[in-house]
Structure formats: structure tokens, C-alpha cells
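Student: Need a 3D model of the sequence below.
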Amino acid sequence: MRFRCLLWRFWHFTALIFDMIKKNDELILKITDVTNLGYGVAKYNGETVFVRSSVTGEVVKAVIIKKYPSYAIAVLKELITASDVRCDNDCAVFPACGGCAYRHIRYDYELTLKKQYVKACFQKEGIDIDVADVIHASEYHYRNKVQYPVSKGKDGRLFLGFFSEYSHRVVSSEGCLTESLCFSHVKQVITELINEFSYSAYDEQSGCGLLRHVFLRCNKRGDVHVCFVINGAALPHMNTFAERLTSLCSEITGVSVNINTDKTNVVLGDKTVNICGSPFLLDEMCGKSFEIDPKSFWQINRNTAEMMYQKGKELLDLRTEQVLLDLYCGIGSIGLSIADIDSSLVGVDIVPEAIEDAKHNAKRNGFSKAQFVCGDADIGFTACHDTFGRIDAAIVDPPRKGLSDKVINDIAASCIDSLLYISCNPATLARDVKKLFSKGFTSNIVYPFDMFPRTGHVETVVMLKR
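Tutor: This next block holds a predicted model:
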């Protein structure tokens, strides 16, 4: 009896081993969900398989390309049963560029997925909260900023492209449907000129070569600022090059060079030199005008950002006599868009160039009681008390990692009644909201905004009251 039992266990164990997923396996899979990276989710003998370019409800034949202890990655080989939420890919560079996640999915279903994702992040933290429908503008040509890595093609010519998914291999950027239409002509002229002037492309492996990135930013009117990120002290024939470029592209209002000689994946270096025209781009948001330095943060999707700031203004409902603290303020765009020109405002950000821009922007828009301080967010409450003696409300728009415990404790220890939390990461937002709930704040609804259509990213806004 004991021998038969051992034999059965051995057979069962052997069967499991041989039935486990292996690289290059071809499997028939039923897709039950989609991740925020655009991968369909399936189960095979209890193991999770993520299938690129598949959609909820589909039956597919997929090939395993990577196997990990707890899951596998597969590519779609054959679509056996298509989903009614699938659509034809209309972008020339998807999926090679790795920028978008949802080009194969109808946009209305993408919005549903993003709402579900935000809801799931809060449920994971044990928070039962309403999530509004995703607020959005156009899904096309919304990007007012692009950073093209420069590379050499097989024909020996330099080109401006995008990094392929999960790699630093540069692929073509021609035909991208997310970038602003005003970049097309500028990009074409720059490509011709960098080849005419025989510039070299930076090579990440060797650390040699001159041109690392070409950074374009445009405003509401279609004016463009161009910044060349270089691995060197200067761009050869810099003035002649800039004169040729601006003579061929009347939409260019300024050209600058950013120096980055470090062997790093970080795009921008510490030093930026203005070559010609304006050193900053002037843009508009919520009826205010803003100076934007090449290194300063500015929302990539202006139209949706404007809708988000208007919602923030509505939710905060500030009175003129109230004092507002704006943490992670950048160039002041959020606080200056939400507050009235007679409001008392203190903004804090760690980027010196952004703070200088914020000061100019406050003056440009007639704010006489707006102060901006360079430093970590945790100095904000002290700075605001030192300036105005109190704080009535606060705005936070932290990076993806969310708020530190120090900032959360400062919020709890302050006298503010209203906190507007803007987040680019629903997971850390939900985590922080849970902590703030434990310290006496409450909220009943989350507002998602589709700042990056066709990608897996979603911006979220929560109004918290003490």
C-alpha cells in the first residue's frame, strides 16, 4: 500500500513537471482580463500567462517567449476568436515603439479598463470609494513634448526615433499618433540638418558620440522650442546650425543645448545653454500664461490638464482670504491656475529652475501674494506658516512614489481642512489615502483623467476633507 502511494505521488509530480509551461510552447488560451500594459491575461494549468496584443474574451494561440517562476510572457500567433472590443491598429509605429499599450483596443473600452484599474487599486487597500467615469479630451496628437533619442540607421544616416519596448534599441518615430502635429515639419528639418552637418549619434555602450536626444516642446499656438541634448561641451558650428534651423522652421521660437556627459539613462544634464531666440516657451492654461524652461515640468496633455485643474478649482472652492499651500508645485501651474490673483499662495518644489519660472509666472499673471520656495516638500508647512501665519488648504502633486510619511504627518498635524491630491500613480495614491483616512480625513469619490490616451497611464484626483 505504501509503495502504491509513493508511486502515485511520483507519477503526479512527474505529470506536473511535464505539464508546466516552457519557453517556445504553443498554447490555446482564453483571455479573461487586460493589464494596464495592454497584455491579455490567461490561466493555463493554474499558471498565469500574459499575452501581448490580446483582449478580454478572446481565444488565441500564443507562443511562450519568457518563463518566470510565477508567470509567463507570450506573443500572439493566431487569433482564433476575436473580441468585440478589438480594433484595427491605426498607428504606424505600434507596437514596435513601446509607447502605447492599447492601440488594438477600442478607446471606449480602454476608458473602462482605466476606471477599473483605479477602482482595483483602492480595493486592494481596503477602501470602498466611488470612481467617476474617466474624463478625457482627444485621443490623438495630444503630446506637447517629445524626447527623441538620436540613432544611426543601417543606411548610415542619423534619425530621430523612439526606444523599443523594454530596450534601448531605437526604432522609427514616423507616423506616431500621440505627438503634436506641429512636430512633424521640425523633426524632418532637424533630421536633414544633423546629417548635413555630419553630427554623430551617442552610443550608450561606448559612451561616445555627440547627439543624445532631440527634445521638442510646443505650446497651444504651435510655437516650438528645440533643445539638443549632447555628450560634449558644445554643438559644433552651433550658431550657423541654429540660424539654418530657424530660417527653415518659422514655428521655432527658441533653440537651446543641454549638456549631459554622464554615462546614464537620464535624458537631461544639469546645464542648459540658450543658443538663439527665447530661453523658455510661453504657454497658456486656465486663462493664465506660463514660462516653461526646458528642464521644468509641464503637463504633456494640455487640454486634459486644463480640465483636471478646473475640476480641482471646483473641488477646493477656495475663498480669497484663504491661504493655499502648493507642494511639488513645479512652475506654479496648478496653484496659479486654481487660486485667484488676490489669493495667498506658497509653492514648494525641489527643482531650482522650476521655482524661478514659478516666480516669473506669478508676476506675469498679477499674483501679488504668491511666494515660491526651493526645497523638499517637507519644508512646505513651515514655509507657509512663516509667510502667512496659517494654512487653510493644500494641493499635492507628488512623483509616482507618492507622499513620504513625513509629509503625511505634516498634513495631519496642520490645520488644513481641505487637501487636493493629484496623482500619476493610482496605487500609491490609494496607499496614501488609506494613511490619511487613518489620520482623520475622508473622501467619497475619485476622479480619473486620461492624460495619456492609448497608454496604460491614468491621472487621478481626490478631494480629502478633515
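
Student: what's the burial count for the residue nearest to residue 189 when sequence neighbours are not counted?
Tutor: Spatial nearest neighbour of residue 189, chain neighbours left out: residue 248 (4.9 Å); criterion: CB to CB, 6 or more residues apart in numbering. No exception for glycine: its C-beta is placed from N, CA and C like everyone else's. The burial count assigned to residue 248 is 15, neighbours taken as other CB atoms under 10 Å.

Student: Can you give me the distance of residue 248 to residue 56?
Tutor: Relative to residue 56, residue 248 is positioned 48 Å away (CB to CB, to the nearest Å).

Student: all helices for the chain, in order.
Tutor: Under the criterion DSSP state H, helices of the chain are mapped to 2-19, 107-124, 183-196, 238-248, 302-316, 333-338, 352-364, 380-388, 405-413, 426-438.

Student: Can you give the contact residues for the shortest one?
Tutor: Residues from elsewhere that reach helix 333-338 (CB atoms under 8 Å, 6 or more residues apart in numbering): 285-286, 288, 290, 298-299, 305-306, 309, 312-313, 316, 318, 324, 326, 329, 345, 347, 358, 361-362, 365, 367, 370, 395, 397, 420, 422.

Student: Got a quick ChimeraX command for the buried subset of the residues you listed?
Tutor: Buried members of the contacts of helix 333-338, identified by 16 or more other CB atoms under 10 Å, are gathered into one ChimeraX selection as follows:
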select :285,286,288,290,298,299,305,306,309,312,313,316,318,324,326,329,345,347,358,361,362,365,367,370,395,397,420,422
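
Student: before we move on, back to that, could you measure the residue nearest to residue 189 against residue 226, distance?
Tutor: Counting by CB to CB, the separation of residue 248 from residue 226 is 12 Å.

Student: next one: residue 439
Tutor: From residue 439 across to residue 226, the span is 47 Å (CB to CB).

Student: of those two, who's got more company?
Tutor: Ranked by neighbour count (other CB under 10 Å), residue 439 and residue 226 place residue 226 first, with 28 against 12.

Student: who does the residue nearest to that one when sequence neighbours are not counted bridge with?
Tutor: The shortest distance from residue 226 to any residue other than its chain neighbours is 5.0 Å, reached at residue 255 (CB to CB, 6+ apart). Residue 255 has these beta-bridge partners by DSSP bridges: residue 226, residue 276.

Student: Run a quick neighbour tally on residue 255.
Tutor: Around residue 255 there are 26 other residues, counting by other CB under 10 Å.

Student: Name all residues that make contact with it.
Tutor: So, once contact is read as CB under 8 Å, 6+ apart, residue 255 ends up touching 225-228, 242, 245-246, 274-277.

Student: if we can go back for a sec, can you redo the helices of the chain as JSON lines, where the extra columns are distance to residue 135 and mean pLDDT?
Tutor: Shown next, in JSON lines, are these (distance: least, CB to CB, whole Å; pLDDT from 0 to 100):
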{"stretch": "helix 2-19", "distance to residue 135": "46", "mean pLDDT": "48"}
{"stretch": "helix 107-124", "distance to residue 135": "9", "mean pLDDT": "96"}
{"stretch": "helix 183-196", "distance to residue 135": "25", "mean pLDDT": "97"}
{"stretch": "helix 238-248", "distance to residue 135": "38", "mean pLDDT": "96"}
{"stretch": "helix 302-316", "distance to residue 135": "6", "mean pLDDT": "96"}
{"stretch": "helix 333-338", "distance to residue 135": "16", "mean pLDDT": "95"}
{"stretch": "helix 352-364", "distance to residue 135": "25", "mean pLDDT": "93"}
{"stretch": "helix 380-388", "distance to residue 135": "28", "mean pLDDT": "88"}
{"stretch": "helix 405-413", "distance to residue 135": "25", "mean pLDDT": "94"}
{"stretch": "helix 426-438", "distance to residue 135": "14", "mean pLDDT": "98"}
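
Student: mind checking how far the nearest residue to residue 420 once chain neighbours are set aside is from residue 347?
Tutor: Nearest residue to residue 420 in three dimensions, chain neighbours excluded: residue 395, at 4.7 Å (CB to CB, 6+ apart). Residue 395 sits at a distance of 9 Å from residue 347 (criterion: CB to CB).

Student: Which neighbours do those two have in common?
Tutor: Counting by CB under 8 Å, 6+ apart, the residues touching both residue 395 and residue 347 are 326-327, 329, 335.

Student: Take those residues and keep only those in strands.
Tutor: When these are checked against strands (DSSP state E), the matches are 326-327.

Student: got a markdown table for the shared contacts of residue 395 and residue 347, with distance to residue 178 too?
Tutor: Formatted as a markdown table, the shared contacts of residue 395 and residue 347 follow (distance: CB to CB, whole Å):
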| residue | distance to residue 178 |
| --- | --- |
| 326 | 29 |
| 327 | 29 |
| 329 | 27 |
| 335 | 28 |
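
Student: Quick one: low-confidence residue ranges for the stretch 1-150 of the chain.
Tutor: 1-19 (pLDDT under 70).

Student: 50 instead?
Tutor: When residues are selected by pLDDT under 50, those of the stretch 1-150 of the chain lie in 6-8, 10-18.
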